[in-house]
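Enquirer: Predicted model and sequence follow; I will ask about them next.
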Amino acid sequence: MDDGNSWIGIVLFAASVILFAVMYGFGAAVQALNTSALEDERDEGNKRAEKILKIQEDPYLFIRTNQLATSILTLAMGASSLLFVVRNLTALLGVRTKLPHLAAVGISYVAGLVGIAFLLTGLGIVIPKRIAAKSPIRFCYKVLPLVELVAKFLFPFAWLMDQFAYISLKAVGINIREKDDNVTEEDIMYMVNEGHEQGVLEASEAEMITNIFEFDDKVAADIMTHRTAVLALDGEITLKEALDFVVKEANYSRFPVYEEDIDNIIGILHMRDMLHYTDSKEHLNTPIKKIKGLLRSPHFIPETKNINALFKEMQSQKIHIELVVDEYGQLAGIVTMEDILEEIVGNILDEYDKEEPDIVSRKNGTYELTGLTLLDDVEETLGVEFDKEDKDNFDTLNGFMVSRLGHIPKAGEKGSVRIGDYLLKIMKVENKVIQTVLAIPLPKEEKK
């Protein structure tokens with residue numbers, strides 16, 4: 001074994017890893033930079049800030065030289081270390097074991113590749129990326145002189161590489177120099193994901209941006225409060241009865257009012273309007289549907305109404321509640337302005353709201369689920385899988401269980417359905433809707 005060559009290889013490998021880490025870390029830091037802070041420092045005469053801003057504005061030189069540098073360094077690290085590892089590990093295995101020489105070489109080669117990949121990923125990518133994301137401006141300032149030196153040295157080679165790529169691709173009809181100024185949704189989502197991974201964006205911020213892009217893909221049926229959960233008032237009740245109900249039983253300010261049944265909505269009752277009529281004893285004992293001017297005109301929309309268009313319509317017409325009807329003209333649910341805003345910012349809770357999760361884990365390994373839990377959430381929590389037909393026909397656990405039972409369960413009924421390694425047991429039924437389900441893991445002997 002040549003100790004001199006071995007030490008040269010180790011030094012070359014270490015230098016390559018350090019330079020690789022600097023180049024990769026600088027790229028991550030540039031992406032995570034606060035441009036406003038850099039501009040302030042540039043205005044104060046900071047030359048380093050000015051140079052970094054130029055890289056951000058025209059990253060051509062850096063991108064090309066960075067790609068070339070990391071490629072060369074990867075090859076250098078492999079060449080300087082792989083032969084060293086294979087040679088020494090093969091000799092060690094030959095002494096300590098009775099493996100054939102070819103087998104020892106194969107094992108050494110695989111071990112060398114895995115070890116080098118592990119060191120390169122950890123020391124050259126993960127660590128510098130974390131350091132750069134934590135303090136990007138300071139990192140850029142420290143390594144900028146070295147990066148500039150590498151960029152100037154490699155630029156002629158990077159330019160030749162670029163020309164070769166341009167000529168080769170143009171020969172097959174692809175012009176890589178045609179500018180495309182359109183920024184696609186995929187481009188922005190990629191930047192959002194990268195920003196979140198590097199710690200530049202908080203999880204809540206990334207989620208909000210994602211929600212904005214998904215906003216236009218949703219319809220009223222996706223966000224509405226289902227008819228079984230709608231608090232509506234019978235038009236026959238008196239104003240006093242309506243006032244008592246609103247004060248004692250509900251935490252809302254607007255209520256649909258129906259005549260005979262909930263599919264025949266005749267107006268919307270606002271609490272503020274109701275209070276204007278309470279001074280008159282005559283009004284207090286009059287059915288709310290007969291009080292002139294009390295109820296506001298209801299607004300109906302189809303289940304398929306796009307919520308982006310709906311949001312603009314509600315804004316322009318100052319509507320706070322929309323009644324969603326299905327293809328048969330029956331009430332499917334209601335959509336409020338709050339429902340739409342929650343699709344962007346998440347749940348909005350006031351002092352009256354109680355945040356009750358759809359799925360609650362218990363200590364004994366069981367789960368308590370609401371009947372309106374989405375099937376996707378059930379799959380994710382329980383690790384089960386519903387048939388494609390079930391997911392096409394039903395959105396909620398209630399719909400799935402009613403289908404499997406073959407009938408709508410009555411209040412007090414305790415039916416059960418098996419899915420995967422769980423038994424779904426009905427715990428509560430109310431208004432012909434399964435309200436609560438208990439998911440019980442099956443004993444090992446009953447699992448498939």
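Expert: On my side now, so go ahead.
Enquirer: quick one, strands of the stretch 101-250 of the chain?
Expert: Listed from the start of the chain, the stretch 101-250 of the chain has strands (DSSP state E, counting those that start in this stretch) covering 225-226, 233-234.
Enquirer: most packed of the ones you listed?
Expert: Highest mean neighbour count among the strands of the stretch 101-250 of the chain (mean count of other C-beta atoms under 10 Å): strand 233-234, with a mean of 18. All C-beta spots, glycine's among them, are computed from the backbone N, C-alpha and C.
Enquirer: Neighbouring strands - and their directions - for it?
Expert: strand 254-259 (parallel) (DSSP bridges).
Enquirer: quick revisit: for Y422, which of the strands of the stretch 101-250 of the chain is the nearest?
Expert: Proximity to Y422 (C-beta to C-beta) singles out strand 225-226 among these, at 24.4 Å.
Enquirer: Now do the closest one: which elements does it pack against?
Expert: Counting contacts by 3 or more C-beta pairs under 8 Å, 6 or more residues apart in numbering; DSSP states H and E, strand 225-226 is packed against strand 331-336.
Enquirer: and the strand it packs on, how far from the chain's centre?
Expert: Put simply, strand 331-336 sits 26 Å off its chain's centre (C-alpha atoms, centre = their mean, to the nearest Å).
Enquirer: Now do the helix or strand just after it: everything it contacts.
Expert: Remark: after strand 331-336, the chain's next helix or strand is helix 337-345, criterion DSSP states H and E. The contact list for helix 337-345, computed with C-beta atoms under 8 Å, 6 or more residues apart in numbering, reads 208, 211-212, 214-215, 218, 223-225, 307, 310-311, 314, 319-321, 348.
Enquirer: For the stretch 101-250 of the chain, which segments count as helices?
Expert: With DSSP state H, counting those that start in this stretch as the criterion, the stretch 101-250 of the chain has helices at 101-119, 127-134, 136-170, 185-197, 203-215, 220-223, 239-249.
Enquirer: got a list of what the residue nearest to K305 when sequence neighbours are not counted touches?
Expert: In space, and not counting its chain neighbours, K305 is closest to A220: 4.5 Å by C-beta to C-beta, 6 or more residues apart in numbering. Listed by C-beta under 8 Å, 6+ apart, the contact partners of A220 are I301, P302, E303, T304, K305, I307, L310, E322, V324, V335.
Enquirer: Of these, which is the most crowded?
Expert: V335 (28 neighbours; other C-beta atoms under 10 Å).
Enquirer: got a list of what L374 touches?
Expert: Residues counted as contacts of L374 (C-beta under 8 Å, 6+ apart) are D358, D395, T396, L397.
Enquirer: So what does the closest residue to the first one other than its chain neighbours have for phi and psi?
Expert: So the one you mean is D358. Nearest non-adjacent residue to D358, counting by C-beta to C-beta, 6+ apart: T373, 4.2 Å away. Dihedral pair for T373: phi -60, psi 130, per degrees, to the nearest 10.
Enquirer: Which residues are in contact with T373?
Expert: T373 is in contact with D358, I359, T396, L397, V437, counting by C-beta under 8 Å, 6+ apart.
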